[in-house]
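Trainee: pasted the sequence and its predicted model underneath.
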Amino acid sequence: MTLFTRIATVAASLSLSLAATAQTFPSKPVTLIVPWAAGGPTDVCMRALAEATSKHLGVQIIVENRGGAGGTLGAGAMMNAAPDGYTITQIPISAFRIPHIEKTPYDPISDLTYVIGISGYMFGVVVRADSPHKTWAEFIAYAKANPDKISYGSPGTNTSLHLTMEEIAAKQGIKWTHIPHKGASPNVTALLGGHQDASADSPGWAPHVEAGKLRLLVTWGENRAKTYPNVPTLKELGYGIVSISPYGIAGPKNMDPKIVKILHDAFKKGMEEPSHIAVLEKYNQELWYLNSADYSKYAKETFAAEKATMDRVKPLVK
């Protein structure tokens, strides 16, 4: 048998194997990687989504947390995952940004199969309730007058939260200390424990704001959050910044379109379940549905847009 014949035989066998997998999918639990620490808003929302989707998929969806590296460990894990639909991951916007900053094991365009767009985060900055900073203006004024005296936490280096805070610092002439964490849960825990002065994050802080333990100073959306109508946005305060972070589900490259459709259809039903929507509302998130084709298009556009953003912001980040 010639080398060419062997290669053709192996390729044919692989093709038949993938076809057979598509015919029987799903026949066992699906692993959904959440590239953030357990207990944060992403983890809570994704677990609610996994539970809601499992009944439509017909098998259990098991959440596996892999926090760190700015939320890109899930995308990186797809490089070693079989394209059989049994290992998929949440894709945050940082998955499109960090390849422009450092070498990553994956290419977000050629190495992933985009399944569905799900939702997006609201961002904000909180301080402890006993903080002397009652407003964002007071917080910024103190930081300007006291270089290196303010520390803030984010869910990781080069995340949207980190980069936006450093952009604000550069524009306002502020020197403050960034403390990176592996997700929202350790970030807010550090703030509650008095280990930092503020947290910039998605609403893992929401229950603590409602309980009176933390104070929300500003949000970063286009408009004021429905739950916090008295809290201003960066945009209305004149910073010219709107920062949100849509996310979705993706798998390894070369997934069978039939498997992608099965996953898409199940997640589409799951994301619309009242149980999932209720959790999103708790964290001021809304549905952000994109089908597989539109999500793939979004990925390409966002990857290009993130390069432009990094060209602008990266020089400002220490």
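Mentor: Great, that's in hand. Residues are numbered from 1 along each chain as shown.

Trainee: what does the spatially most central residue of the chain show for phi and psi?
Mentor: Centroid-nearest residue in the chain: P92, 3.1 Å away (criterion: Cα atoms, centre = their mean). Main-chain dihedrals, P92, degrees, to the nearest 10: phi -80, psi 170.

Trainee: where along the stretch 101-250 of the chain do the strands fall?
Mentor: 112-121, 124-128, 151-154, 177-180, 198-201, 214-219, 245-252 (DSSP state E, counting those that start in this stretch).

Trainee: how far off centre is the first one?
Mentor: Put plainly, it is strand 112-121. Centroid separation for strand 112-121 versus its chain: 10 Å, with Cα atoms, centre = their mean, to the nearest Å.

Trainee: name the helices or strands packed onto it?
Mentor: Judged by 3 or more Cβ pairs under 8 Å, 6 or more residues apart in numbering; DSSP states H and E, strand 112-121 is in contact with helix 41-57, strand 87-91, strand 245-252, helix 257-271, strand 287-290, helix 292-313. Every residue, glycine included, has its C-beta placed from N, CA and C.

Trainee: need the winner for burial among these.
Mentor: Among the helices and strands packed on strand 112-121, strand 87-91 has the highest mean neighbour count (mean count of other Cβ atoms under 10 Å), at a mean of 26.

Trainee: partner strands of it, with direction?
Mentor: strand 30-34 (parallel), strand 245-252 (antiparallel) (DSSP bridges).

Trainee: give the next helix or strand downstream of that strand.
Mentor: helix 94-97 (DSSP states H and E).

Trainee: how about JSON lines for the strands paired with strand 87-91, with mean pLDDT added?
Mentor: Converted to JSON lines, those look like this (pLDDT from 0 to 100):
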{"stretch": "strand 30-34", "mean pLDDT": "98"}
{"stretch": "strand 245-252", "mean pLDDT": "96"}
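
Trainee: how about low-confidence regions in this protein?
Mentor: 1-21, 316-318 (pLDDT under 70).

Trainee: and it, what are its domain boundaries?
Mentor: The chain breaks down by automatic domain parsing into domains covering 25-121+245-316, 124-219.

Trainee: distance to G238 added to these, as a markdown table?
Mentor: Shown next, in a markdown table, are the domains of the chain (distance: least, Cβ to Cβ, whole Å):
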| stretch | distance to G238 |
| --- | --- |
| domain 25-121+245-316 | 18 |
| domain 124-219 | 10 |
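
Trainee: of those domains, which is nearest K226?
Mentor: domain 25-121+245-316 (6.9 Å; Cβ to Cβ).

Trainee: how about the closest residue to G124 other than its chain neighbours, what does it touch?
Mentor: Nearest in space to G124, with sequence neighbours left out and distances taken as Cβ to Cβ, 6 or more residues apart in numbering, is T219 at 4.3 Å. Counting by Cβ atoms under 8 Å, 6 or more residues apart in numbering, T219 makes contact with 122-124, 225, 228, 231-234.

Trainee: of those, which is the most crowded?
Mentor: When neighbours are counted by other Cβ atoms under 10 Å, G124 leads the contacts of T219 with 27 neighbours.

Trainee: then stretch 161-173 to CSV, C-alphas only?
Mentor: Taking Å, rounded to 0.1, in the frame of the first residue of the first chain, the C-alpha atoms of stretch 161-173 are listed here in CSV:
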residue,chain,number,x,y,z
LEU,A,161,-12.5,45.6,32.6
HIS,A,162,-8.7,45.9,33.0
LEU,A,163,-8.2,47.7,29.7
THR,A,164,-11.1,50.2,30.2
MET,A,165,-9.8,51.1,33.7
GLU,A,166,-6.4,51.7,32.4
GLU,A,167,-7.8,53.8,29.5
ILE,A,168,-9.6,55.9,32.1
ALA,A,169,-6.4,56.3,34.1
ALA,A,170,-4.5,57.4,31.1
LYS,A,171,-7.1,60.0,30.1
GLN,A,172,-7.5,61.3,33.6
GLY,A,173,-3.8,61.3,34.6
